[in-house]
Every structure is written in structure tokens, then in C-alpha cells.
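>>> Need the 3D shape of this:
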Amino acid sequence: MSRVAAAETSMILGETISRVLSRVNALSDVGPGWTRPSYSDLESAAHVIIEDEARRLDLDVRRDAAGNLFARMQGSDPQAVPLYVGSHLDTVSQGGAYDGQAGVAAALALVAALRAEGIIPLMDIVVTVTRAEESVWFPVSYIGSRAALGRLDREELQAKRVDTGQSLADHMRRQGYDPEAVLDATPPAPARFLEFHIEQGPVLHGAGEPYAIVTAIRGGLRYRSASIHGVWAHSGAAPREGRADAVVALADLIMAMDRVWAEMLGEGADLTVTFGRVDAAGPAHAMAKVAGTLEFCLDMRSSDVAALDTADARLRAEIARIEAERPGIRFDLGRQSRSHPAALSAAMADLVERGAAMRGDRPRRMLSGGGHDAAAFAAAGWESVMVFIRNWDGSHCPEEGMDEADLVRAVEAVHAALVGGGGS
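Numbers count the residues shown, from 1 in each chain. Here you go, the predicted model:
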């Protein structure tokens, strides 16, 4: 029997979320916003905070060979499929206060409420905190969750972290984990995974809606270390005819791919095209020089693999055109990396929707443009779903905004689904 009223449950959810976010966000490297690199001392310290919170709730805590943390609340039926709930604690450089950590705080809050109510759910609930979700540090997608699922390979363990140049395997060892054991680990039996996460886009904020249910996650096709090679020249002496200006070549490609993006959207394709880091500010560059080299990265995303392949083919066609029109220009896209689109579980979405209806909410269903651990669980055959929380002022930036009351409301929906019998 429940020992607390509904209002007290909401208070427990809110207090837990606020406390966990405050504790985790006290950990950051210097600079604006929050920086906790993947497989860093800061990420590990954040995991220690969650372990402390989990032990206060009398959860059974363990870590796997890659350092992922699992804190289990035993259910009443050992045969029931477990429900894993969580997210990650690493951030991009100078990121926001909610990406990842809000989902971990929500998972702990859900268990805290059940503990306070004296409710034992049918299934085990496992607070799940993955390592290294942000692929800006290593050129590998969903490192922690894929390691937990037995889907990380030896080549990926040799990927270099961008700020240290040391391999993923080396960073695992430095944090006390075992990359060889990661490769030898037996994958767990498929279960269910739920991830609360800020939307990272403007849809919910613009619509005035507190949360939504995610039906699919876009995949990505990335060139992380592309470059353009031209010819260095004097800015005042080199005539326009005959220049091989790397900056102009990039501008040409950007405008061409913007047209490709618009055309493909007009044809009904799902696609985003983003040129991210552009580096033409090395020691060889100067005010009085025509740029002879330039580095850039390109990120294309879609819910459809065929659309990504088409965009990639059109990218290469535009590069061939530019090289032909601008003698002396040569593109080098470097190594391509991909993450596959993931369709999420309709049954899990229905579960969340039933809980939402119990409290009078009608959350929309929508696509996720960003990649998330839920995609890795779905790819491994788990019943996986996400619940988006509205945010504003962008994401992956210090200005990232979220109302903790919106997160409480979303957790209340899942709580209602579990307590109301929908979680069996």
C-alpha cells in the first residue's frame, strides 16, 4: 500500500531531480557551460555521485567492464522483463545543464518515488548510467551502451580522443576498466529501455507542450576530419583567375549542399545537413594570404538510410564539379562514420501514452533528430523508447534550458503507467 499521497510523490520527484542535477552539474572543467569529457575523471566522479544516490535508495549497484553503472530495484516477479531507465553523464565541450544528466536524475526520481510509496513493481527497474555517449570525444557512436550490449569492436577501441590523442582503450584502463573484458563480455538478454531526454530542438517549446514520446531516432553519416587543399598565394598579388582558394571552395560546397538539402526535402526525404567545425585559422593562415588548406566536418542525418546514401552521392558529385571548375582544388573527405536510424518500440510508446492519459496528458509522438543511447538498445533488439522534455535556447550549449517541472510531469506519466498496472 502507498505510504504517500500523489502530491507528495510529485514533491519527491522534484526534490530528487533538483538535487541530482545540482550535484552532477557541480562537476565541470573550466569555461562556460559544462564540460565532462568521455572517460575522464570528471565523468567518473559524476558516476560516483549516482552510485551514492542509488545506495541511499538501497539499490543493488554494479558496473560492467566498460564502466557503465546499473542500479537495480528488485521487482516482485523474477520472470518479468526488466525495465532499464537512464541516460549518460558525459557532455560535449561547453555543453548544457540537462543533456544526459536530466535522464539520469529522472530515473533515480522514479525509483525514489516508488520506494517512498512502498510500491514494489512487477519487474526489476534498473537505473542505467552509460559512459561516453557524446561522440565528439571519440569518433565512435554510443560507446558505453554498445559496450554494455556486446557490440563494440576492437578497431573502435583504438579510436583516439580528440583532446588527448590517447585511445579509447587507454582511457578505459586509466579509469579502471578493462577493454579486453568488454570484447569478451556476454551480451545481456534483451529487455526494455526508457530514456528521458531534452528534445534538443524547438518543437515542444514552440507548441507549449511539456513532453513528447519519440518514435524513431535519425541515423547519421559523418565526415569528421575532411579537408580542402588549394594553393597558397598573396591576397593582393594573385588575380581572381587561376586562384585555388580553399575557403572559396568550401563556400561553394556549403551552398551546393544547402541546395541539395532543400531539393531533397522538396522530394519528401527526411534529411539535415550541417557543416560544423571549420578551421582556416592555423599558423600558416594570415590576413594577406589566399588559403591553401582548410579543415571541416560534415554531419548529415536522416531516418532513412537510402536518403543518407543519396545525399552522400550528391555530395561527391558536387565535390567533383568544384574540383573540375577550380583547378588546383582537391577535397579529402577522410574516413566516414555512421550511426544507423532506429525505429523505437510502439508497445513502449503505448505504455507511456497510457500513463500520460491517466494524468490527463496527450503527448505528441515525434522523431528525434539527435542520436541517443536508446538507438543502441533498439538496434540490439531491446524494446526501447524515449520521452522528450521541452527545452529552449538550443542544446549542446551553455544556454540549454529546461523546466524541471516538465521533467517531473513526464516521470509522473511513466510512474502512473507502472503503478496503474501497465508495466507488466
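>>> Could you work out the end-to-end span of stretch 368-388 for me?
Counting by CA to CA, to the nearest Å, you get 9 Å between the two ends of stretch 368-388.
>>> Buried residues in it, which are they?
368-380, 382-388 (16 or more other CB atoms under 10 Å). C-beta: built from backbone N, CA, C; applies to glycine.
>>> Likewise for stretch 267-284?
Buried, per 16+ other CB under 10 Å, within stretch 267-284: Ala269, Asp270, Leu271, Val273, Phe275, Ala280.
>>> For it, measure first residue to last.
43 Å.
>>> any idea how far it is from the chain center?
19 Å (CA atoms, centre = their mean, to the nearest Å).
>>> What number of residues are in the vicinity of Glu155?
Other residues near Glu155 number 8, with proximity taken as other CB atoms under 10 Å.
>>> Now name the helix or strand holding it.
helix 154-157 (DSSP states H and E).
>>> average pLDDT for the next helix or strand after that helix?
Counting by DSSP H and E, the next helix or strand C-terminal to helix 154-157 is helix 168-174. In this model, helix 168-174 carries a mean pLDDT of 98.
>>> Going by neighbour count, which residues in helix 168-174 are buried?
So helix 168-174, judged by 16+ other CB under 10 Å, has buried residues Leu168, Ala169, Asp170, His171, Met172.
>>> Which pLDDT does the model give Val4?
Predicted confidence (pLDDT) for Val4: 64.
>>> for the stretch 201-350 of the chain, what spans make up the helices?
Secondary structure of the stretch 201-350 of the chain (DSSP state H, counting those that start in this stretch): helices at 203-207, 246-266, 305-325, 346-358.
>>> Please identify which of those helices is closest to Ser225.
Nearest to Ser225, of all the helices of the stretch 201-350 of the chain, is helix 246-266, at 14.4 Å by CB to CB.
>>> List the neighbours of that closest one that are in contact with it.
If you take CB atoms under 8 Å, 6 or more residues apart in numbering as the criterion, helix 246-266 is touched by 228-230, 271-273, 275, 278, 280, 291-294, 296, 298, 307, 310-311, 314-315, 318-319, 321-322, 326, 329, 331.
>>> mean confidence for it?
The pLDDT scores in helix 246-266 average 98.
>>> just how off-centre is that helix within its chain?
26 Å.
>>> Show me which residues of it are buried.
Ala246, Val247, Val248, Ala249, Leu250, Asp252, Leu253, Ala256, Met257, Val260, Trp261, Met264.
>>> State the distance from the second one to Ala281.
Same thing as Val247. 11 Å (CB to CB, to the nearest Å).
>>> Check the last one too.
Relative to Ala281, Met264 is positioned 32 Å away (CB to CB).
>>> Then the fifth one?
Note on Leu250: its distance to Ala281, by CB to CB, is 13 Å.
>>> Relative to Val30, which of the buried residues of stretch 267-284 is nearest.
Nearest member of these to Val30, counting by CB to CB, is Ala280, at 26.4 Å.
>>> Tell me who's in contact with the closest one.
Counted by CB under 8 Å, 6+ apart, Ala280 has contacts Ala246, Val247, Ala291, Thr293, Leu294, Glu295.
>>> re earlier: how about the helices of the stretch 201-350 of the chain, which one is nearest Leu83?
That would be helix 346-358 among the helices of the stretch 201-350 of the chain, by CB to CB, at 9.1 Å.
>>> Domain ranges for this protein, per the record?
If you go by automatic domain parsing, the domain ranges for the chain are 6-218+341-419, 220-339.
>>> and those domains, which is most packed in?
domain 6-218+341-419 (a mean of 20; mean count of other CB atoms under 10 Å).
>>> Can you give the distance of that domain from its chain's centre?
Centroid displacement of domain 6-218+341-419 relative to its chain, using CA atoms, centre = their mean, is 9 Å.
>>> distance between the ends of it?
Start-to-end, domain 6-218+341-419 (CA to CA) is 12 Å.
>>> Over to stretch 17-31?
Start and end residues of stretch 17-31 are separated by 25 Å (CA to CA).
>>> what sits against the residue sitting nearest the centre point of the chain?
Central residue of the chain (CA atoms, centre = their mean): His372, 3.8 Å from the mean position. Counting by CB under 8 Å, 6+ apart, His372 touches Ser87, Glu133, Glu195, His197, Ile217, Met386.
>>> From Asp99, how far off is it?
For His372 relative to Asp99 (CB to CB), the value is 10 Å.
>>> Double-check that Ala112 belongs to a helix.
Yes: counting by DSSP: H, G, I helix; E, B strand; the rest coil, Ala112 is found in a helix.
>>> got the contact list for the residue lying closest to it once chain neighbours are set aside?
Once flanking residues are discounted, Ala112 sits nearest to Thr16: 4.6 Å by CB to CB, 6 or more residues apart in numbering. The contact partners of Thr16, taken as CB under 8 Å, 6+ apart, are Glu53, Ala105, Leu108, Ala109, Ala112, Ala113.
>>> quick check, nearest of the residues you listed to Val126?
Leu108 (11.6 Å).
>>> Quick check: which element contains the closest one?
helix 101-117.
>>> try Ile17
helix 6-25.
>>> thought Thr130 was touching Ser145?
Yes: counting by CB atoms under 8 Å, Thr130 does reach Ser145; the two are 4.7 Å apart.
>>> What's the separation between the residue located most distally from the centre of the chain and Tyr98?
Using CA atoms, centre = their mean, the residue of the chain lying farthest from its centre is Ala237. It sits 47.6 Å away. Ala237 sits 52 Å away from Tyr98, going by CB to CB.
>>> and if you look at Ala7?
Distance of Ala7 to Tyr98, computed by CB to CB: 25 Å.
>>> same deal with Val81?
29 Å.
>>> now Gly31
Distance from Gly31 to Tyr98, by CB to CB: 18 Å.
>>> Low-confidence bits of the stretch 1-150 of the chain, can you list those?
1-4 (pLDDT under 70).
>>> And the strands in it, which stretches?
60-63, 69-73, 83-88, 125-130 (DSSP state E, counting those that start in this stretch).
>>> Would you mind putting those into a markdown table with distance to Arg364 alongside?
Converted to a markdown table, the strands of the stretch 1-150 of the chain look like this (distance: least, CB to CB, whole Å):
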| stretch | distance to Arg364 |
| --- | --- |
| strand 60-63 | 36 |
| strand 69-73 | 30 |
| strand 83-88 | 21 |
| strand 125-130 | 25 |
